[in-house]
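In: Give me coordinates for this.
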Amino acid sequence: MQDLLKSEKANWKACSANYTDLTERIKQQLEAHYEKYSPSLHSLVIKLGEYVYFEENSCIFRSKIGEVDEKNGEALLSTEALPFHDSLIHRIRISPDHKYMATGIKSANSEECACVIVKLNVLPKVECIIPNVYSFEWATCEILFYTIQKNLQCHNVYLSDFSTKCSKVIFKEQDARYFVDLYLTKDKHFLTINSNSKSTSEVWLVDCSHPFKSPVLVQKRTEGVIYHVEHRNNELYVLTTYGDPVGYKLMKAPVGSCGLENWLSIYTVKEKTKLVDLEMFKDHCVAFLKFCGQLYLDIISLVSNSIHRIKLPAWACSFELEPHPEYTTSTCCFWLLSPVQPPVRFAYSLVENNIVEHTAQEVPITVNCHTIRLEAKSKDETWVPITVFHTANSIELCRRPLLIHVYGAYGIDLNMSFKAENLMLINDGWILAFCHVRGGGELGLGWHKDGCLKKKHNGIQDLQACIRLLHDLGYSEPTRTALMSLSAGGVLAGALYNNDPHLIRAMVLQAPFLDVLNTMLDPHLPLTIEEQEEWGNPLIDETCKEMKRDLISSLPLISIENYPSLFITVSENDQRVPLAGLLRYICKLRKAVQDHAQSSSTNEKGPQKPNIILDVRSGGSHCAPSWEESLNQVATQLAFLYNELGLEKQE
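Out: Below you'll find the model as predicted:
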């Protein structure tokens with residue numbers, strides 16, 4: 001493997017020179033787009049009592065409400081003063097009396113996290129640093145609960161008492177399939193210990209007024225039942241998949257009798273509807289929903305048990321809820337966005353039952369871009385949604401470059417958030433198509449179940465149907481079509497590459513999961529046991545083993561067509577996608593391409609030999625590198641696509 005790695009690094013060093021100038025031009029354009037459209041959407045802001053805590057330039061400040069800026073802010077912590085390289089702030093939790101701040105720090109180039117405890121005296125001081133912390137919450141002014149992550153797994157919960165300077169384990173999960181994290185109910189009455197597998201969950205309660213008492217089980221885990229818990233007026237509100245029809249329901253039960261037999265249904269998500277998020281307020285729940293590509297809000301009154309539905313603008317493709325909304329607020333604030341539309345802020349009045357768009361500080365809604373929603377008929381006649389974007393000028397769409405996006409795993413929606421590079425591509429005449437195949441969650445829980453385990457082939461056939469429909473409708477052609485995907489989306493992309501190479505000209509994959517069979521055959525890898533509910537267990541199921549070999553083969557098939565060009569980016573120490581599997585894949589692919597070239601005609605007008613490139617980057621990040629690294633990656637990937645499709649990059 002070391003020889004293969006050395007060879008691939010040498011190959012990339014030689015190839016990268018072909019893209020240097022174009023990469024730099026694209027990077028400059030991306031920087032200009034990001035500067036113009038960069039929102040403060042992902043800045044950490046917490047309102048608590050009379051203070052606002054916020055992040056600016058890798059520092060955390062505190063200001064009085066109404067005075068939020070660096071000039072008026074009290075500096076509490078700078079990541080530059082911490083013993084971490086290229087660190088990112090990803091979570092802030094403040095103790096109820098504002099005397100302590102717990103901050104989650106994550107390295108941009110690895111999965112490692114730490115929790116930094118700052119004592120907020122006249123001069124804020126770092127009290128301690130707890131390594132390998134994943135989630136954490138304050139139960140009282142001086143008691144912090146946290147989980148420790150080892151080898152990508154969280155199984156133990158710790159309690160740390162800063163008045164006595166002691167810590168202890170208060171919860172242990174014994175089943176390797178389950179991952180443990182913490183959540184504080186919105187009214188701050190209970191801390192919940194959530195132990196979740198891919199399909200089953202269990203919740204334990206810690207009363208924050210009695211943090212040393214043993215956690216109390218809400219409902220023993222039931223195979224196939226997921227549930228999450230909130231609290232209001234001595235009742236638990238349970239969001240769960242339990243019962244019919246398939247999908248999420250909101251139920252409630254008394255705290256003292258919280259077993260499943262006492263769960264009373266108060267709201268059901270409609271069939272084929274995706275529950276994106278559910279936010280709890282003092283007297284309301286707000287459900288963020290997606291149905292047939294259209295976004296909705298369902299406002300559930302917990303006082304009158306009434307439901308008020310709001311249809312959101314047709315251009316919107318995704319939500320972003322305002323982080324850490326106040327429990328007692330009368331307004332629910334959120335952003336709407338799409339792959340080509342920067343976030344626009346909206347506010348829903350829970351008192352007046354109306355919605356208001358906040359446009360003063362926002363960029364205008366993109367008007368020179370069409371949003372088209374299509375459906376492709378898959379092999380089993382299931383209709384598969386596609387979202388397409390292109391400029392208003394639709395002349396000669398068949399001659400434009402087409403970029404396909406796909407994911408299709410874990411019940412997770414394809415990312416439809418705004419990215420500045422999408423606007424750049426649209427302005428350059430590209431067509432963007434997002435294929436919402438089975439295995440993802442776009443049409444609810446059933447959509448995921450129909451694309452995982454032994455039904456993974458459905459997602460593969462969905463992708464094939466989507467691309468064929470786009471070409472049939474005149475959206476580009478195979479020689480001008482490219483595909484982008486990442487992580488588990490690599491399974492579908494790899495299957496398409498092996499079995500239908502004639503549908504695309506080039507493919508870009510970031511940290512792709514391509515070596516599924518060998519990965520799932522190795523129970524010693526960090527996520528193999530946990531992932532069996534998504535991919536199956538070929539160790540004990542011969543049928544599963546054969547399906548993985550046939551449908552998502554790590555050995556490319558030699559066909560009469562030439563393979564598309566392929567560019568893969570991966571981190572050398574990525575724990576989620578082992579580098580060894582990608583090196584094996586690339587090695588076999590190069591041999592297949594070479595054998596095909598030797599068996600083909602030597603006619604100069606024959607098909608062009610594809611470029612096969614593996615860019616192995618240092619570090620251990622999976623798909624979340626630092627800002628600068630991410631910008632370089634995107635610019636390089638796009639330069640590869642422009643070059644492969646023979647496109648001139650507009651100035």
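In: Now do the strands in the stretch 451-600 of the chain.
Out: Counting by DSSP state E, counting those that start in this stretch, one finds strands in the stretch 451-600 of the chain at the ranges 481-486, 506-510, 565-571.
In: quick one, which of the ones you listed is nearest to residue 11?
Out: Residue 11 lies closest to strand 565-571 among the strands of the stretch 451-600 of the chain, at 11.7 Å (C-beta to C-beta). From N, CA and C alone the C-beta is placed, and that goes for glycine too.
In: Now render the strands of the stretch 451-600 of the chain as JSON lines, adding mean neighbour count, mean pLDDT and distance to residue 281.
Out: Output for the strands of the stretch 451-600 of the chain, formatted as JSON lines (neighbours: other C-beta atoms under 10 Å; pLDDT from 0 to 100; distance: least, C-beta to C-beta, whole Å):
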{"stretch": "strand 481-486", "mean neighbour count": "24", "mean pLDDT": "97", "distance to residue 281": "35"}
{"stretch": "strand 506-510", "mean neighbour count": "25", "mean pLDDT": "96", "distance to residue 281": "38"}
{"stretch": "strand 565-571", "mean neighbour count": "24", "mean pLDDT": "94", "distance to residue 281": "40"}
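In: got a markdown table for these, with distance to residue 338 too?
Out: As requested, the strands of the stretch 451-600 of the chain are exported to a markdown table (distance: least, C-beta to C-beta, whole Å):
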| stretch | distance to residue 338 |
| --- | --- |
| strand 481-486 | 17 |
| strand 506-510 | 21 |
| strand 565-571 | 25 |
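In: in this structure, which ranges drop under the pLDDT threshold?
Out: Scanning the chain with the threshold set as pLDDT under 70 gives 38-44, 68-71, 358-367, 394, 545, 547-561, 597, 599-608, 624-625, 650-651.
In: Can you check which helix is longest in it?
Out: Identified as the longest helix of the chain according to DSSP state H is helix 579-599.
In: Please identify the buried residues of that helix?
Out: 579, 581-586, 589-590, 592-593, 596 (16 or more other C-beta atoms under 10 Å).
In: helices or strands next to it in the packing?
Out: Counting contacts by 3 or more C-beta pairs under 8 Å, 6 or more residues apart in numbering; DSSP states H and E, helix 579-599 is packed against helix 2-16, helix 516-520, strand 565-571, strand 612-617.
In: Please name whichever of the ones you listed is nearest to residue 179.
Out: For residue 179, the closest of the helices and strands packed on helix 579-599 is helix 516-520, at 17.8 Å, according to C-beta to C-beta.
In: what helices or strands is that closest one leaning on?
Out: Applying 3+ C-beta pairs under 8 Å, 6+ apart, one finds that helix 516-520 contacts helix 528-535, helix 542-551, helix 579-599.
In: The ones you listed: which one's closest to residue 221?
Out: Residue 221 lies closest, by C-beta to C-beta, to one member of those: helix 528-535, at 13.1 Å.
In: Residue 190 and residue 285, how far apart?
Out: Distance, residue 190 to residue 285, by C-beta to C-beta, to the nearest Å: 17 Å.
In: who does residue 507 bridge with?
Out: Going by DSSP bridges, residue 507 is paired in beta bridges with residue 483, residue 566.
In: Could you check stretch 155-166 and say which residues are buried?
Out: So for stretch 155-166, counting by 16+ other C-beta under 10 Å, buried means 155-162.
In: how about the helices of the stretch 251-400 of the chain, start to end?
Out: Here the stretch 251-400 of the chain has no helices by DSSP state H, counting those that start in this stretch.
In: ranges for the strands of it?
Out: 264-268, 274-280, 284-291, 294-301, 307-311, 318-321, 331-338, 341-349, 354-358, 369-377, 383-391.
In: one step back: tell me the angle the longest helix of the chain makes with strand 565-571.
Out: Helix 579-599 and strand 565-571 meet at an angle of 160 degrees, taking axes from the mean of the first three to the mean of the last three C-alpha atoms, to 10 degrees as the criterion.
In: in a strand, that's where residue 128 is, yeah?
Out: Yes - assessed with DSSP: H, G, I helix; E, B strand; the rest coil, residue 128 lies in a strand.
In: In this structure it contacts residue 117, no?
Out: Yes - in this structure, residue 128 is within contact of residue 117 by C-beta atoms under 8 Å, at 5.0 Å.
In: And the two? Which one has more around it.
Out: A direct count of neighbours by other C-beta atoms under 10 Å for residue 128 and residue 117 places residue 117 higher, at 19 against 12.
In: Wait, a strand at the more buried one?
Out: Yes - looking at residue 117 with three-state DSSP, it is inside a strand.
In: give the contact list for it.
Out: Neighbouring residues of residue 117 by C-beta atoms under 8 Å, 6 or more residues apart in numbering: 100-102, 126-130, 144, 162.
In: at 6 Å instead, please
Out: Neighbouring residues of residue 117 by C-beta atoms under 6 Å, 6 or more residues apart in numbering: 102, 127-128.
In: again, but for residue 645
Out: By C-beta under 6 Å, 6+ apart, the residues touching residue 645 are 401, 480, 505.
In: can you tell which of the strands of the stretch 251-400 of the chain is closest to residue 36?
Out: strand 341-349 (8.8 Å).
In: Give me the sheet partners of the closest one and which way each runs.
Out: strand 331-338 (antiparallel), strand 354-358 (antiparallel).
In: how far is the last one from where the chain is centred?
Out: Distance of strand 354-358 from its chain centroid, counting by C-alpha atoms, centre = their mean, to the nearest Å, is 27 Å.
In: could you give the angle of that strand to strand 307-311?
Out: Counting by the same axes, to 10 degrees, strand 354-358 points 40 degrees away from the direction of strand 307-311.
In: residues in contact with strand 354-358?
Out: Under C-beta under 6 Å, 6+ apart, the answer for strand 354-358 is 310, 345-348.
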